[in-house]
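what would the 3D arrangement of this be:
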Amino acid sequence: MILETKRLILRDFYKEDWIKVHHYCSDEEVTKYTYWGPNSEDQTREFINKNIGSQRIVPRTNYELAVIDKSNNELIGNCCINVDGSNAEIGYCISKNYWGCGYATEVSKALLSYGFKELGIQRIYATCRPENLRSARVMEKIGMKKEGYIRDHFYTRNRWYDSYLYSIIKLDFED
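Residues are numbered from 1 along each chain as shown. Here you go, the predicted model:
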């Protein structure tokens, strides 16, 4: 599985990717708004192994992909599109060394295009913590509309967290 954008390659994970992934997945600042992390080395290896296993499932419904910077061939993050019938959820995590460069927006646009054009998805959604203004801005930039505020959406780090819910439907998608 490989998707390309102007600056990035989105590809399936390889076993040896765990070291680069662990660099940002173990960072407290990067994982501040996630429901996971900061990861131990074992947790990062488990993440990679789980996703390598999901690459072989037919029909494939979970696409967890490495984000590679074409300019230097560096693994700079990960992204996903997870399919559930005619709906799919997207997500992204970028190493803080690459924040503010538009990579999350570029990744998200590629995932929307793949979901609508290749997978035949009708509606794609994403969530973010209300405090995560950068992620909310990415969703707005790619044409998603805020659908609502989900109270006590997920439990992590010994407490419940709320989320914003954003979505876009096939009819509203502009490539």
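
please name the bridge partners of Tyr166.
Beta bridges link Tyr166 to Ala126, Lys146, judged by DSSP bridges.

gap between it and Lys20?
The gap separating Tyr166 from Lys20 is 28 Å, by Cβ to Cβ, to the nearest Å. Where you see a C-beta, it was placed from the backbone N, CA and C, and this is true even at glycine.

ok, those two, which is more surrounded?
More crowded of Tyr166 and Lys20, by other Cβ atoms under 10 Å: Tyr166, with 23 against 18.

my read: the more buried one touches Ala136, true?
Yes - counting by Cβ atoms under 8 Å, Tyr166 does reach Ala136; the two are 7.5 Å apart.

which residues are in contact with each of these two?
Residues touching both Tyr166 and Ala136 (Cβ atoms under 8 Å, 6 or more residues apart in numbering) are Cys128, Lys146.

okay, buried residues for stretch 100-115 please.
Buried residues in stretch 100-115, counting neighbours by 16 or more other Cβ atoms under 10 Å, are found at Tyr103, Ala104, Thr105, Glu106, Val107, Ser108, Lys109, Ala110, Leu111, Leu112, Tyr114, Gly115.

shouldn't the first one be in contact with Leu8?
Read it as Tyr103. Yes - with contact defined as Cβ under 8 Å, Tyr103 and Leu8 form a contacting pair (6.7 Å).

how about the contacts made by the most far-flung residue of the chain relative to its centre?
What lies farthest from the middle of the chain is Asn158; by Cα atoms, centre = their mean that is 23.4 Å. Listed by Cβ under 8 Å, 6+ apart, Asn158 has no contact partners.

what backbone torsions are found at it?
phi 70, psi 30 (degrees, to the nearest 10).

skipping adjacent residues, who's closest to Asn62 in space?
Ranked by Cβ to Cβ, 6 or more residues apart in numbering and with sequence neighbours excluded, the top spatial neighbour of Asn62 is Ser54, at 4.6 Å.
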